[in-house]
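A.B. asks: Fold the following and give me the result.
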Amino acid sequence: MRDVALEARSSFVRADTYLVILTIMFGINSTEMRNRTLLRAGLLGAPLFILSLIVFGRLNPGYSHAHSAVSRLGAFGAPMFWVFDMVGLFLPGLFIAGVAVELRRAEAAREAVTWSSGGLIAFGLMQSLTAIPADFQRMFQSPWTLAHTFFITIPVLLFFAVIPGCGGSLLRLGALLPSVRLFTLLGYLPIAEFLLYGVAKDSPGLVQRLMIITVHASSAWLAWVLIRTSRDSATPTSKRLTSLPAKRETIHPAPHLPNRKSDGCSLRGSGDPVSSPTLCARTSAPMQASPAVPRLLHSYR
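C.D. replies: Sure thing, here's the model as predicted:
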């Protein structure tokens, strides 16, 4: 009983250490970070996880990526398990939380903060805490294994719940509809991949890796869309207008007008001027009814 208490205390100490590192990382002001560091780091989650699988899989003799769980690379007794936990699990989860932080900051700039961005931050933090090593010797009798299993299973439901809200935030931030649809597809794709467990019974490890990589890929795509939208919003309107190709305006010549002389006007069909100013005025001005005409007709009645 005393050993279990000591292990539980040490597991919580390690979890608290991870949380302290998270607090220090996110306590840095984003204005002091150059070139959107959190968003650019979010692009590295999936490659870092895949690289860690390859390197540490070779360090474990007899390890099979098709049959063995990912947790065995970071479990107690594995070669350099704590390095895999930090590089392969903790940092990629931290990158997801970093992308969610930038999404929430973008929402705050538009005064449209949603719970989905906060839920994605919580998911990233819990995903990073899967770095707590499991104990495959004692399995669920060890608090380490219980903590590891909790942070693997429960946060996935939260991830699926925040996908629609994050997609709506991207639309309000000016992202294109196809980009938002691709983010939503990547977010829900692990559900379809989970169903492969019934088909690929001989390769459960591959299905697990595919689901984790898809989650990191959706976070990376979210980071990329935020980078593109922030670039477009930061570009001044005048600069965007000057970058457009200039239109060539076609100048049409004015229609030819006949020259009118000041001493008369021209008859239609001939160029002889008429010297009578009365006739010129009648032909150039619109015809108006004279007030004397009604009186003249009245006198003939």
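
A.B. asks: Quick check: chain neighbours aside, which residue is closest to Y63?
C.D. replies: Closest residue in space to Y63, ignoring its immediate chain neighbours: G57 at 5.2 Å, by Cβ to Cβ, 6 or more residues apart in numbering. (Glycine included, C-beta is placed from N, CA and C.)

A.B. asks: quick one, phi psi at that neighbour?
C.D. replies: When read as degrees, to the nearest 10, the backbone of G57 gives phi -70, psi -30.

A.B. asks: cool, and A200?
C.D. replies: The phi/psi pair for A200 (degrees, to the nearest 10) is phi -90, psi 70.

A.B. asks: check contacts around it.
C.D. replies: Residues near A200 by Cβ atoms under 8 Å, 6 or more residues apart in numbering: 206-207.

A.B. asks: Tell me the pLDDT of it.
C.D. replies: At A200, the model reports a pLDDT of 70.

A.B. asks: end to end, how far does stretch 75-93 reach?
C.D. replies: Stretch 75-93 has an end-to-end distance of 18 Å (criterion: Cα to Cα, to the nearest Å).

A.B. asks: what does it contact?
C.D. replies: Residues contacting stretch 75-93 (Cβ under 8 Å, 6+ apart): 18, 44-46, 48-49, 52-53, 56, 59-60, 70, 72-74, 124-137, 144, 216.

A.B. asks: tell me the contacts of R138?
C.D. replies: If you count contacts by Cβ under 8 Å, 6+ apart, then R138 has T145 around it.

A.B. asks: any idea how far S219 is from it?
C.D. replies: 33 Å (Cβ to Cβ, to the nearest Å).

A.B. asks: Then A106?
C.D. replies: Taking Cβ to Cβ, one finds A106 at 15 Å from S219.

A.B. asks: okay, the two: which has more neighbours?
C.D. replies: S219 (30 against 22; other Cβ atoms under 10 Å).

A.B. asks: Now the more buried one: closest residue in space, sequence neighbours ignored.
C.D. replies: I96 (4.5 Å).

A.B. asks: Kindly report the same for L129.
C.D. replies: L129 sits nearest to F151 (Cβ to Cβ, 6+ apart), 4.6 Å away.

A.B. asks: do the same with I152
C.D. replies: I152 sits nearest to T130 (Cβ to Cβ, 6+ apart), 5.5 Å away.

A.B. asks: Check the burial of the one you found by counting its neighbours.
C.D. replies: As a measure of burial, T130 has 26 neighbours, counting by other Cβ under 10 Å.

A.B. asks: Quick one: residues contacting it.
C.D. replies: 71, 89, 93, 148, 151-152.

A.B. asks: run the last query once more with 6 Å
C.D. replies: Contact analysis of T130 by Cβ atoms under 6 Å, 6 or more residues apart in numbering lists 89, 151-152.

A.B. asks: Where does pLDDT dip in the stretch 1-150 of the chain?
C.D. replies: Regions of the stretch 1-150 of the chain meeting the criterion pLDDT under 70 cover residues 1-35.

A.B. asks: show me where it has helices.
C.D. replies: 2-26, 37-42, 45-59, 81-84, 91-109, 115-128, 143-172 (DSSP state H, counting those that start in this stretch).

A.B. asks: mind listing what's buried in the fifth one?
C.D. replies: Taking 16 or more other Cβ atoms under 10 Å as the basis for neighbour counts, the residues of helix 91-109 that come out buried are 91-104, 106-107.

A.B. asks: go on, the fourth one?
C.D. replies: For helix 81-84, the neighbour count (16+ other Cβ under 10 Å) marks 81, 83-84 as buried.

A.B. asks: Run a quick neighbour tally on W115.
C.D. replies: Neighbours of W115 (other Cβ under 10 Å): 10.

A.B. asks: right, I mislabeled it, should have said G57
C.D. replies: The number of residues near G57, taken as other Cβ under 10 Å, comes to 16.

A.B. asks: Same question for V55.
C.D. replies: 15.

A.B. asks: now do A223
C.D. replies: 26.

A.B. asks: For A66, see how far away the residue nearest to Y63 is.
C.D. replies: Relative to A66, and taking Cβ to Cβ, G57 is found at 11 Å.

A.B. asks: Not counting residues beside it along the chain, what's closest to G174?
C.D. replies: T229 (5.1 Å).
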